[in-house]
Structures are given as structure tokens and as C-alpha cells.
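**Q** give me coordinates for this.
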Amino acid sequence: MEYIVEKIGMSRTIAVPSIPVTLLKVLDAKVCEVNESKRALVAYSRGKKINKAIAGQQKKYSLSAEFNRFTTMDVANDAVGDLDMAPLGEAKKLKVSFNSKGRGFAGVIKRHGFAGGPGGHGSRFHRAPGSIGNCEWPGRVQKGKKMPGHYGNVKVTVKNEVVSYDAENGILALKGAVAGPNGAMGRVRIVK
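**A** As a prediction, this is how the structure comes out:
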């Protein structure tokens, strides 16, 4: 079973020893269609996006204006209606997927942790990647060479233990860190 979540931030438990936790808000969602394999079309709320296609879907499935985003995912429901949150109460481990923070174009020191050269005057080698290829053989830059480029904004999936779940407020507390900034949208999947 999958759920759409929003990252609230990080905190710690009061117990001894204290455990770092990530807080996630489980979003309210409506199941619009369910097929035989329990794969469903789900509507949820995010921002104020509206266009004719979304308005048509809202009319087709008799949804209120707040449900303005649609996705497909595995659900516990057998029929249309509110998304069944009961399996989250018994979950012990979750697979959490978020996009990592995007850092744009980054050099090799930030992107790959290269050491760089001495900082003193006259060195002429500070933050550059250095030599990247061989002269005679193979006479080209090998694929996979660690070079400057786009860094971050990739899907990161991690397994986390569930510390607690507040069903009334829809707040999940997971042990450890989760990728992405506060306010980011992601998915959690129950691991059996």
C-alpha cells in the first residue's frame, strides 16, 4: 500500500537514548477508480492548480474543488471513497521516496567530494578536477568519469522504521532522515 506524504521536518524523541525522527504528514486522498490488481486512481490536494482537464475529472468523480491532483498507486481499498489509512497503524517499516534537494550545476569538490589543491598563491590548482583522460590509450574520457554537472533533484528511496503514527492528525514519525526539503511531496510504501 502506498500513501502520499508531505515532509514536515526533523525532530527527536524524548526517550533515552534519544532517536532522530523525520515527521511526515499523510495527505487526505480519495480513491476514484480501483482495478483488479488493487491499483487505483487517487485524487489529492496540492496548491491551487486548476484547468479544464482537472475540472473534468472533478466532475466525473464528484470531487470537491480541493482535490486537484491525480495519481495512480497501490491501495488497500476495494471500492471508491476515502483512502484506507488502517494499514499504516500496523506498519513497522516503510519505503520512503522523495526527490533530493536540487543544487544545480556543481563542481567536483561539492558534487563528488574531491580534495582540491593547496589554497596558497602560486599553486594554480585550487578547485579544478585535474587530469581527466589518458594520452595514448584509450585516447578518450572514460564513461562514468566524475566530472562537474547537475547535482541533486533525483529520486531517493530509503527504508525507515516507524517510531509512531498519529492517526487523528495523520502524522508519521520515522526513524532517521529522509531526502528532500521541508514541504516536499513524496510517497511511502509499506514493507512486509
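**Q** so what pairs up with residue 160 in the strands?
**A** Beta-bridge pairing for residue 160 (DSSP bridges): residue 94.
**Q** for it, give me its contacts.
**A** Applying C-beta atoms under 8 Å, 6 or more residues apart in numbering, we find residue 160 in contact with 22, 93, 94, 96, 174, 175, 176, 178. C-beta: built from backbone N, CA, C; applies to glycine.
**Q** how near is it to residue 186?
**A** Distance, residue 160 to residue 186, by C-beta to C-beta, to the nearest Å: 12 Å.
**Q** mutual contacts of those two, please.
**A** Residues touching both residue 160 and residue 186 by C-beta under 8 Å, 6+ apart: 96, 178.
**Q** now do the residue lying farthest from the centre of the chain, the pLDDT please.
**A** In the chain, the residue that sits farthest from the middle, by C-alpha atoms, centre = their mean, is residue 122; the gap is 44.7 Å. pLDDT, residue 122: 94.
**Q** what's the mean pLDDT across the helix ranked longest in the chain?
**A** Taking DSSP state H as the assignment, the helix of the chain that covers the most residues is helix 52-60. Average pLDDT, helix 52-60: 93.
**Q** ditto for stretch 101-114
**A** pLDDT averaged over stretch 101-114 gives 97.
**Q** quote the end-to-end distance of it.
**A** This stretch, stretch 101-114, spans 20 Å end to end (C-alpha to C-alpha, to the nearest Å).
**Q** do the same with stretch 181-192
**A** End-to-end span of stretch 181-192 (C-alpha to C-alpha): 28 Å.
**Q** what of stretch 23-39?
**A** End-to-end distance for stretch 23-39, by C-alpha to C-alpha: 27 Å.
**Q** please renumber the chain so that the first residue is 456 from this point on.
**A** With the count now opening at 456, the last piece we talked about shows up as stretch 478-494.
**Q** what residues of it count as buried?
**A** Within stretch 478-494, the residues scored as buried using 16 or more other C-beta atoms under 10 Å are 478, 479, 480, 481, 482, 484, 485, 486, 487, 489.
**Q** again, but for stretch 462-478
**A** Along stretch 462-478, these residues count as buried under the neighbour rule (16+ other C-beta under 10 Å): 462, 476, 477, 478.
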